[in-house]
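In: Just the structure for this:
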Amino acid sequence: MPGVLLIAAVFVVFVNCCECVTPGQVQVNHWFDDQIYNISVNGAIWFKNAPLVFRKDWKEYSSARGELKGLLDTPHQGTDRLGDFETATWYLGVDDNVVALGYKVYDKKNYVILQQHFLNKTSGTSTGNKDLLISTFPAVMIDDTMAGELGYIAYSGTQYGSTGMEIGTWAPGKVNMNTGTAGGPTIFFDKKDNVVIIAPFSEFMSASTYLDTTQQPNRLSWGIMGGVMEIPEDFMAQFMVFYSPNGINKAFEEWGSLMKDFYGKDPSYRKADMTINYLGYYTDNGAYYYWRPEPHKTNEQTIYDIQSYALNSSIPYKYIQYDEWWYIRARGPTGLPTGTIKWSLRPKVFPSGMRKLYENTEWPVVAHNMYWSNQTTYAKQNGGNYTFLLDESGMALPFEEGFWNDLFKESKLWGLAVYEQDYMNVNTDAINATVSDVVSGKTWLMDMGNAARKNGLTIQYCMSYPRHAMTALEIPAVTQARVYMDNRPNTDHWTIGVSSLFAEAMGIAPFKDNFWSTEVQTGNGYNQTEPHTSIHAAISTLSTGPVGLGDKVGHSNPNLIMRSCNAEGLILKPSKPITAIDKQIQQMAFGGNIGPEGKIYTTYSNIDNHIFGIILAANISMDYTLRIQDTGINMTQAAMVMISDLYISDTLVTFNESQPLKITTSCTTKYFCLYYYSPVFTVGNDKVMIYGEVDKWTPMSNNRVTGIRVISDDLFLQLVGVPNEIVSFRFFRNMIPVAEIVKCSLGPTGSAEMSFNKKICTS
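Out: Numbering: from 1, shown residues only. A predicted model of the protein is given here:
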C-alpha cells in the first residue's frame, strides 16, 4: 500500500475583507501529514474536512484508508487577474497518476481558490454514476460543529437551479439537497450576516457536487462529475470559497461581480437585448396558444389575429415567441418526441412561410428548440454537412461551430433575434458524451454562443442546470434565462426572489415565464383561471427580465399590461432584479421568528445617485415587523407611500431606523402590498418626495426619468418616452400628497423637463 506523507506541516490562511462593514475573516487550517483541514469564520470552525478521494483504473483510493501517497510542495507566490497570490500544494496519487491539490490565497482578498490539478492523463476514473464524483476537494462533514447555527441554500435542478433548490439548516439529519449533475453553488450563512459561498470557479460543465448520506457523519464534496471516463493531462478544476460579512444579498452581489469581472461577462449584450427591454407575446407552456391555434385557423392566421387585436387595443408588443410546436421533430414508438430532426417549419403551420410572416408582422422572433434527434438531417451520418455526436439514447449533440453559424445566419432571414435553448438538462443528462468527458458539454455551449455572437443574436437558456448558468459567464450572447418552472394558471409562478439572486450574480436577466392579464380565458387548454394576474405582471416587470403575455385574443387587460411599460412597449424596470430579503431566506432555513412567514422582496431605481426603493410583500401568514436595515436598500430617511394591488394610498408610512414597518396578513397573493420610497428633497422651505409615474409598477424608472435637478425654489425631472406620450407624476409636499397630479406631453422629441412647482413640462 502506498505510504502516507511523513512531513508534518501546518498551513494557515487568513483572508481579510478590506471593504467590510465589520471586520471579518475566513481561515483555512491544514495539517498536511494527516490530510486534514478546517474552514473557520471569525475564529469559529464552520467546516471540518471529509476524506479526499481519487479514482483510477476503476477503483477508488481514499485518504481515510491511507491509500494516497503525498508530497508537500514549497509555497510560492505569483500574480494573475485576481491579484497577488500565494499557493501551497501537496501531491496525492497512486503509482504514476498524481493529482496536485492546492490552495491559492490572494493578498487582502476575501476568497480562496482550491485546485485539483491532474498532472497525468488518468484513465478508468468513472464511478458508473454521473451523479457521484471521481475526485473530492474540498469535502466537508455535516456534523454538529456549528450546533445548527448555519443555514444553507443549495441551488439544484432546472430553471437556473430553482426546481431542486433546497434551503435549510446545516446540521446532522437536517441537510437535504440535490447534488450531482443537477447541483450547483452552495451558500452557507449564519444569523449575523456572515456568508460563505462554495462554488466551481472553472470547468463549470464538468464540476459537480455530491451529498453522501451513506457515511456518518454525512459528507458534502466538490469535484469532477462521476461519469467522466478519463481526465486529460494537465486538466485543472478549481473551486472558490468566497466570504462576505455583509449578508446574503450583498454576498451574491460581491461574488457575482468578481466572477463577471474575471470571465469578462460583457453587460452590453444584456442591455441591448430588445426582448429584455420591450413587451413581447409568448406561445409557450402556460400561454393560451401553446400547441393550439384558434379554432379552424392556422397558427399563421392566429398570429395575425394576435397582432391585430394588440394594435386595436394599444398593446405595444414588439416581438413574438414561437415554442416547440413550429419545427420538425422525430417521434418514438410511444409517439413522444425524441428530438429535433430539422429546425424548420412543420407543414401547414405557417402556410405563407416564416419569412413572409416576419415581413408582414415585422415582429422579431424568440424561437424555441429542444434537444436534437440522432435522425437529424444536419448530421453527416444522415447525409448532412455537420459533425454531430449521435447517441444511443436517440438524441444527438452538434459538435462544430460552423453548424450553428449556418443555422443562425439562415434563421435571421425569418426574424430570429433570440435562440431559446430548452431542455438543457436533457442535453446534458441523456447524452453520454456530455457526462463521460470534460470537453463535450462546454464545446456544445461555446460553439452555440460564439455563433450567436457572430450573427448578432442573443440566447435564452431554459431548463438549465447551474453548470449551464455558470458557463454562461464565458458566453456574452447568453443574456436571459428562465428561473422558475413553466407557468400554469393559478400557480405561485411569481416566487422567483431567491433564484433571481443567482441569475443576477451571473449577469443574466431572470425570466419568470409568460402570464395572463385577465382571470378568465375561455376555452383554455388548462381548465384553469388566473386569479393573480397583478402579481405576475408586477414581478415580471420588477424582475428586469422579459415581460411576456400569453393571453387569448380578445381577453387582455390593456390597463394592467401598460403598467409595465411606456407607450411603445419599453419596460419601465428598476435598476436591479427584485429579490428576497436576507431575513426571509434565514426564516426559510432556521424557522422561529427570525424573518417573515411569506415573501418580502425588494429592489430600487438609482437615478442620479438618488435611491427610489420598492418593497413587495405577499402571501404573509403572520404579521411581521420589517427593519429598514433589513431591506437591503440604502434608505436613510423617513416616509414611504403604500400601494396595494391597483389601489394607490394617499397615506405616507413612516419608516426609519427607530420606526420599523409593520407588514400584516392583509398582504396576500391577490392583494399584495407595494411600498415605494423616495428620498426627501429640499425645495425652498418644503420637503418634497417623488412618488413618480402613477400608473406604473416602477414609478421611478431609469427608462423614464433620466435626471433630477433641484434648485432653490423648484425640482425638475428629465423625462423620456414616445413622442407626444402623456405621462402623469405624483408628488408629496411636507408629508402631504399634492392634490394635483402633474401631467405633461413629451412633445415631438419624446422628451421633456417637468417642473414640480410650476406643474408644467417643457419639451
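In: Can you list the residue ranges for helices in the stretch 301-450 of the chain?
Out: Shown for the stretch 301-450 of the chain, the helices assigned by DSSP state H, counting those that start in this stretch span residues 354-361, 401-411, 424-429, 432-436, 440-454.
In: What residues of stretch 301-316 count as buried?
Out: Using 16 or more other C-beta atoms under 10 Å as the test for burial, stretch 301-316 gives Thr302, Ile303, Tyr304, Asp305, Ile306, Gln307, Tyr309, Ala310, Ile315, Pro316. Glycine gets a C-beta too; all of them are placed from N, C-alpha and C.
In: The last one touches Cys565, doesn't it?
Out: Yes. The pair formed by Pro316 and Cys565 meets the contact definition of C-beta atoms under 8 Å, at 6.9 Å.
In: Give the intersection of the neighbour lists for those two.
Out: By the contact definition C-beta atoms under 8 Å, 6 or more residues apart in numbering, Pro316 and Cys565 are jointly contacted by Tyr278, Leu279.
In: quick one: low-confidence ranges for the chain?
Out: Using pLDDT under 70 as the threshold, the predicted model of the chain has low-confidence ranges 1-35, 72, 637-639, 642-649.
In: Could you measure from the spatially closest residue to Phe235 that is not a sequence neighbour over to Ala589?
Out: With C-beta to C-beta, 6 or more residues apart in numbering as the criterion, Phe235 has its nearest non-adjacent residue at 4.6 Å, and that residue is Phe118. Taking C-beta to C-beta, to the nearest Å as the criterion, Phe118 is separated from Ala589 by 36 Å.
In: Pop out the phi and psi values for the residue nearest to Phe235.
Out: phi -90, psi 110 (degrees, to the nearest 10).
In: Cross-check the contact I'm expecting between it and Glu230.
Out: No. Distance between Phe118 and Glu230: 10.0 Å, which falls outside the contact criterion (C-beta under 8 Å).
In: With neighbour numbers in mind, choose between these two.
Out: For Phe118 versus Glu230, the count of surrounding residues by other C-beta atoms under 10 Å is larger for Phe118: 25 against 17.
In: residues contacting the more buried one?
Out: When the contact criterion is C-beta under 8 Å, 6+ apart, the partners of Phe118 are Val98, Val99, Ile231, Pro232, Glu233, Asp234, Phe235, Met236.
In: one more time with 6 Å
Out: For Phe118, the contacting residues are Val99, Ile231, Phe235, by C-beta atoms under 6 Å, 6 or more residues apart in numbering.
In: now those residues in TSV, with secondary structure, distance to Gly598 and neighbour count?
Out: Shown next, in TSV, are the contacts of Phe118 (DSSP: H, G, I helix; E, B strand; the rest coil; distance: C-beta to C-beta, whole Å; neighbours: other C-beta atoms under 10 Å):
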residue	secondary structure	distance to Gly598	neighbour count
Val99	strand	47	27
Ile231	strand	47	25
Phe235	strand	46	21
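In: Which residues does stretch 438-447 contact?
Out: Contacting residues not belonging to stretch 438-447 are listed as Met205, Ser206, Val228, Leu397, Glu401, Trp404, Ala433, Thr434, Thr471 [C-beta under 6 Å, 6+ apart].
In: List the buried residues of the helix or strand that Glu753 is a member of.
Out: Remark: Glu753 resides in strand 751-755, with elements defined by DSSP states H and E. Using 16+ other C-beta under 10 Å as the burial criterion, the residues of strand 751-755 that qualify are Ser751, Ala752, Met754, Ser755.
In: Kindly report the same for stretch 698-714.
Out: Neighbour-count burial for stretch 698-714, counted by 16+ other C-beta under 10 Å, picks out Thr698, Pro699, Met700, Ser701, Asn702, Asn703, Arg704, Val705, Ile708.
In: Can I get these in TSV including secondary structure and distance to Glu149?
Out: Formatted as TSV, the entries for these read as follows, by DSSP: H, G, I helix; E, B strand; the rest coil; distance: C-beta to C-beta, whole Å:
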residue	secondary structure	distance to Glu149
Thr698	coil	38
Pro699	coil	40
Met700	coil	40
Ser701	coil	40
Asn702	coil	40
Asn703	coil	43
Arg704	coil	45
Val705	strand	44
Ile708	strand	44
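In: Given the strand holding Glu753, what are its sheet partners and their directions?
Out: Here the strand partners of strand 751-755, with direction, are listed using DSSP bridges: strand 714-720 (antiparallel), strand 760-762 (antiparallel).
In: out of those, deepest packed?
Out: When these are scored by mean count of other C-beta atoms under 10 Å, the highest mean neighbour count falls to strand 714-720 (a mean of 19).
In: Contacts for that strand, please.
Out: Identification of contacts with strand 714-720 by C-beta under 6 Å, 6+ apart yields 681, 683, 688, 705-707, 709, 751-757.
In: quick one: which of those is nearest to Glu359?
Out: When the contacts of strand 714-720 are compared for distance to Glu359 (C-beta to C-beta), Ser751 comes out closest, at 31.9 Å.
In: Now do the contacts for the closest one.
Out: With C-beta under 6 Å, 6+ apart as the criterion, the residues that contact Ser751 are Val720.
In: Quote the end-to-end distance of stretch 744-762.
Out: Taking C-alpha to C-alpha, to the nearest Å, the span from the opening residue of stretch 744-762 to its closing residue is 9 Å.
In: Any idea how far apart the tips of stretch 512-519 sit?
Out: End-to-end distance of stretch 512-519 (C-alpha to C-alpha): 18 Å.
In: How far off centre is it?
Out: 20 Å (C-alpha atoms, centre = their mean, to the nearest Å).
In: that older thread, same list (the helices of the stretch 301-450 of the chain) but as TSV, adding distance to Thr479.
Out: Conversion of these to TSV gives the following (distance: least, C-beta to C-beta, whole Å):
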stretch	distance to Thr479
helix 354-361	21
helix 401-411	15
helix 424-429	15
helix 432-436	23
helix 440-454	10
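In: before we move on, which element is Ile113 in?
Out: When secondary structure is defined by DSSP H and E, Ile113 falls within strand 111-118.
In: make that Ile276, sorry
Out: Assigning secondary structure by DSSP H and E places Ile276 in helix 274-277.
In: What's the first helix or strand after that helix?
Out: Per DSSP H and E, the first helix or strand lying C-terminal to helix 274-277 is strand 279-281.
In: Can you give me the neighbour number for Val683?
Out: Quick note: Val683 (other C-beta under 10 Å) scores 17 neighbours.
In: Nearest residue to it in space, please, no chain neighbours.
Out: Sequence neighbours aside, Leu715 is the residue nearest to Val683 in space, at 5.1 Å (criterion: C-beta to C-beta, 6+ apart).
In: Same question for Asp193.
Out: Gly247 (4.2 Å).
In: before we move on, what about Lys121?
Out: Take Lys121 and drop its neighbours on the chain: the residue closest to it by C-beta to C-beta, 6+ apart is Glu233, 4.5 Å away.
In: any idea how far the one you found is from Trp90?
Out: 20 Å.
In: okay, those two: which has more neighbours?
Out: Comparing Glu233 with Trp90 by neighbour count (other C-beta under 10 Å), the higher total belongs to Trp90, at 23 against 9.
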